[in-house]
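**Student:** Sequence plus the predicted model coming up.
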2 protein chains.
Amino acid sequence: MLTTSSPWSPVEQYLKELHQKHAGFKEGIVADYIPELAKANPDWFGICIATRDGHVYEVGDTRQHFTIQSISKALAYGLALEDRGEEFVLSRISVEPSGDAFNAISLKPGSGAPFNPMINAGAIATDGQVLAKDGLSRIQRILAYLSSCAGRSLDIDQTVYKSESETGHRNRAIGWMLRNFGIIEEEPTEILESYFQQCSIRVTCRDLAIMGATLANQGRNPLTREQAIAPDFIDNILSVMSSCGMYDFSGEWLYRVGLPAKSGVGGGILAVLPGQLGIGIFSPPLDEQGNSARGIRVCADLSHDLGLHVFGHGSTPQTCLRLSYDGSQVTSRRHRSVKQQNALRSGGHRLRVLELQGVLIFSTFEPIIRNALKQAPYCRFLILNLRTVMDIDDVSIRLLVELQASLKRQGVHLITSHAERFSRLLLQQGLMAETHFSDADSALEYCENRLLYEILGKEWDVFIPMELGNTSLLSTLNEDELNWLNINMDSKTAQEGDVVIRAGDAADALYLLMSGSVAVYLPSDSSGLGKRLDVFVAGMTFGEMGLIDGSPRSANVVATEKIELRVISRTLFEKMDIEKPIIKIKILESLSCQLSTSLRRSNAEAAAYKG
Amino acid sequence: MLTTSSPWSPVEQYLKELHQKHAGFKEGIVADYIPELAKANPDWFGICIATRDGHVYEVGDTRQHFTIQSISKALAYGLALEDRGEEFVLSRISVEPSGDAFNAISLKPGSGAPFNPMINAGAIATDGQVLAKDGLSRIQRILAYLSSCAGRSLDIDQTVYKSESETGHRNRAIGWMLRNFGIIEEEPTEILESYFQQCSIRVTCRDLAIMGATLANQGRNPLTREQAIAPDFIDNILSVMSSCGMYDFSGEWLYRVGLPAKSGVGGGILAVLPGQLGIGIFSPPLDEQGNSARGIRVCADLSHDLGLHVFGHGSTPQTCLRLSYDGSQVTSRRHRSVKQQNALRSGGHRLRVLELQGVLIFSTFEPIIRNALKQAPYCRFLILNLRTVMDIDDVSIRLLVELQASLKRQGVHLITSHAERFSRLLLQQGLMAETHFSDADSALEYCENRLLYEILGKEWDVFIPMELGNTSLLSTLNEDELNWLNINMDSKTAQEGDVVIRAGDAADALYLLMSGSVAVYLPSDSSGLGKRLDVFVAGMTFGEMGLIDGSPRSANVVATEKIELRVISRTLFEKMDIEKPIIKIKILESLSCQLSTSLRRSNAEAAAYKG
């Protein structure tokens, strides 16, 4: 699923200019506390942005390997949380910024708990919480975890690791202090070696961006779709990065850049715009606080130029209400008698549809609740159409269930459609199953039927034996004309499931449905009859379009029960030109009337959907 | 614009339960360092949520007055930024968390700059940056600023102020230290009195929620619509609240609650979910860190129960692409000749419409850019319909302008519609004015015309002198029938602006447009002709609906230039029944064909808009 950017993209263009702008910046000193790090080329410079849907923008040295160093602390913290749970980990490692430098010992007086997991003491304590399990050692698990965040198999730079281990005296002192206070439960030696190896994992700038996008995407790697980090701990990791990720520059970083981030002495910075994207920067020279000097400037520009500050205007919420209309504007595909049509025209506003979209969370669903409650006094049925809803959080599901109960007490039925994807959750929470339809049309038809029952009473759907003169097509004909037709028209019956009209056939007749009902299907590529478009009931006409314009049948029509038909064949229709032109004129006038009614309805629907 | 909540609301219900759950919690001690604060009733307890559109949910003692205390620090910081600018203020007051208690002196060694504006030292230094101006003293300006955030006139509790002033020895020491380091430019006495008064401003829990909603709403008070805080400084204020707002509990607060917040020893907490809502909590007993003990628990529950953590799943972005369709699915209202219709049916996919919605920021507009670039190779015209776009940030405007240029280099024209609200910005940024239409239909028509020119060449719109036999209505008639009609039909001409058909009139004729064009308007409540629905050109029929179903005219039809008409009156139409039934049959067949073509088009449009 590797995607690359287009040379035409203004985003790509912007990043190139940004790279150019900072390429000449020479401040900062490459870390030299171990010889391997000092070998880094100070001119290496990469910028990479990965979106939460896996699109990658990259410019410069984004494929150059370097060691991850302290950036690993943020991710290893996630693994410790998964192994031990939030409360246990919090009892061993606090989450307060220390205001101290990265290598300060900074243990809290009394408990000996490190101030936070982003300083060395906290990070070593964090590694102490990671378990060896499933046949994997601590470092093997950490390596697998980081690989899964990056979406590829990472490895350890053995030379850097050896250097780290040989010179890590201060960290060994920290390890023994942690053992002394009981923050770690075993001798620190193995934990420290894991920590040195973890810091020596080789990554690229692109890896950092993908890791960031994984954090932005609720822990799911956008390239591999693997759930690399448990979603429950994303807010913990990002909070700690936010308050402590940039050493004693963290406050000013949040103020100026406004993105949870973590830097490493290898020259990398990983930054996250939660829910949106990950950023990887690579430039080895460091400033006094130990952060990539050029990286800090690039991130400040990125945040400013693209409006990425978490507390900036980007946090403006989107609306989740896509469309709102009522049952007098849009009707179901179920054809209705004239009486029913009139009832829906005058009473249809008591049926309201809200089409929702996007992600339902408290702040987007809360206005929907208000909208629904405002409509309640004028409403009997409220359909929430969830077709274009991408996700619903637990909070909104709970509120939806409570909204249904509240509306019910006010005499309003809340119905959902297109809730299949969320149905398990909805049913778990107690949403009434009978008020949940898989498609919008069935939901609308169900509500219309109940509304018609309320308006027209028990007789709302009573079958009236159909005579030719009662059909909408022939209602303007006099007795003589009806008699002539009755003698000349064929009769036909069909059983449930019989195909009356098959798409592609020549159109040679128009049908009057005298009893029963038929369904109309639009043929699709897949097998079967296709998509159900219409249901026709007794008294209605079908097949007239082909008879008029001579085009072949465009749909399948299938009897949904035993049906009786009367047939006006092409031969009979042509015979009328000479023998009974007035009958033909009346039929064509009826058809035109019906078509113009349908056209008005369709135009109104198009207008309602257009919003 | 005061709105109250509905007793039926599940949100209201939840808040009541939350209040009940915590009402019995008795930990913490009411602040007693001055006698006035010690008088607070420890049982007072209010919870209030205000949304960014001004809806207020409140439960408990939300109208009880108390002093704002340290919560004022966050807002006064905003005023200092407005008076002096970000860099100046940053040079005097740092933004690093100190890890110290609220009353620590905490000045940075060397510069003497207070660590951050949320500790007393930083807050006093902040007040020192606020200017006396416009005839208002420092405290008058602060009071006016906070009032504007609350949306009502606040006042100062004089008794508390006197107590604060009488016992404020430590703060006086801090003031003189700040003077010593030159952080403030004058003797501290007046600044300190302002500070004591600022802390003594009386607010309610509801005020705090509205202030929070003002911060959430980019500084615009959602009740009064006043721009209370300059939008440029919202991210600064929220960043400082985030890293330092809850004293030495700030790290854990961000971790557990995840909302920028500020507490005061009066028992108040103000919390903000950026872009979404403000929260006010009031409960006087304080914990060891000086935060409202009950307030902390309530906020933790609120954040957990409603999913409000800034780094939680609530940060998932919404999609800004509402609909996507092409020119073969949806056509403009401009009627086309058969040749043109066929050209659009086969080539219309080269014209693409993207309907956008919500707020365009980098992370929502970037996927639109990718979508546009993906379509570019198959496309000649791309319309971005901005009708339901609520806002566009500067970044997206810049990217839109660059996208237009990039598409142009690839031979694709980017057109916008409904961009009036943003047009000043768009034009400033260099979006080509000629490619910007106020409505979707005009944009579509413009692109169709250019596409037709490309497909059909210079002759795309050439006027062919119209004869009766060339009109779509009469194309099936033979010469005799045409002659009979020619003799029996009336002729009529009209000038530009003449009303040919007036809505409400009886329908007594059908018109054939022989030359020129007419526009159809749907009457609206407002004056004028109404909304333009259709444009008919020579060769087309109008007014047939009323003739068929006898209903009165539903629209106004106006000549857009000099026109020539042929008229089939109702009398003539009825006369055909007897004299020339075959002509009537042919006309009705034509009309049915036209109606069924329109119906298919309208159904396709409804389907495209339905998405």
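**Tutor:** Good, I have the coordinates.
**Student:** A:Leu270 looks like it's in a helix, true?
**Tutor:** No. Residue state for A:Leu270 (DSSP: H, G, I helix; E, B strand; the rest coil) corresponds to strand; a helix is not indicated.
**Student:** quick one: strands adjacent to the strand ranked longest in chain A?
**Tutor:** Scanning chain A for the longest strand, with DSSP state E as the assignment, gives strand A:381-392. With DSSP bridges as the test, strand A:381-392 is paired with strand A:351-360 (parallel), strand A:413-417 (parallel).
**Student:** On the C-terminal side of the last one, identify the next helix or strand.
**Tutor:** Read that as strand A:413-417. For strand A:413-417, the succeeding helix or strand toward the C-terminus, using DSSP states H and E, is helix A:420-428.
**Student:** what do you get for the longest one?
**Tutor:** Remark: after strand A:351-360, the chain's next helix or strand is helix A:362-375, criterion DSSP H and E.
**Student:** And chain B, is that next one touching that?
**Tutor:** Yes. Using C-beta under 8 Å from any C-beta of the partner chain, helix A:362-375 comes into contact with chain B via A:362-364, A:366-367, A:369-370, A:373. For glycine as for every other residue, the C-beta is placed from the backbone atoms N, C-alpha and C.
**Student:** name the helices or strands packed onto that helix?
**Tutor:** Taking 3 or more C-beta pairs under 8 Å, 6 or more residues apart in numbering or on different chains; DSSP states H and E as contact, the helices and strands that helix A:362-375 lies on are strand A:321-326, strand A:351-360, strand A:381-392, helix A:394-409, helix B:10-23, strand B:46-51.
**Student:** all helices in the stretch 151-300 of chain A, in order from the N-terminus.
**Tutor:** Per DSSP state H, counting those that start in this stretch, the stretch 151-300 of chain A has helices spanning A:158-167, A:169-180, A:188-199, A:205-216, A:234-244, A:250-256, A:293-306. These are given in chain order.
**Student:** Equivalent analysis for the stretch 501-611 of chain A, please.
**Tutor:** Secondary structure of the stretch 501-611 of chain A by DSSP H, counting those that start in this stretch: the helices cover A:544-549, A:570-579, A:581-610.
**Student:** Would you format these as a markdown table with distance to B:Val500, mean pLDDT and mean neighbour count included?
**Tutor:** Written out in a markdown table, the entries for the helices of the stretch 501-611 of chain A read as follows (distance: least, C-beta to C-beta, whole Å; pLDDT from 0 to 100; neighbours: other C-beta atoms under 10 Å in any protein chain shown):
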| stretch | distance to B:Val500 | mean pLDDT | mean neighbour count |
| --- | --- | --- | --- |
| helix A:544-549 | 28 | 80 | 21 |
| helix A:570-579 | 33 | 91 | 14 |
| helix A:581-610 | 20 | 84 | 20 |
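**Student:** what about these, which gets the closest to chain B?
**Tutor:** Evaluated with C-beta to the nearest C-beta, those place helix A:581-610 nearest to chain B, the distance being 3.2 Å.
**Student:** Name the nearest residue to the most centrally placed residue in chain A, ignoring sequence neighbours.
**Tutor:** Ranked by distance to the mean C-alpha position of chain A (C-alpha atoms, centre = their mean), the top residue is A:Met390 at 3.0 Å. Excluding its sequence neighbours, the residue lying closest to A:Met390 (C-beta to C-beta, 6 or more residues apart in numbering or on different chains) is A:Val359, at 5.3 Å.
**Student:** do the same with A:Arg294
**Tutor:** Take A:Arg294 and drop its neighbours on the chain: the residue closest to it by C-beta to C-beta, 6+ apart is A:Ser283, 3.9 Å away.
**Student:** Who are the contact partners of the one you found?
**Tutor:** Remark: with contacts taken as C-beta atoms under 8 Å, 6 or more residues apart in numbering or on different chains, A:Ser283 is in contact with A:28, A:44-46, A:267, A:292-295, A:298.
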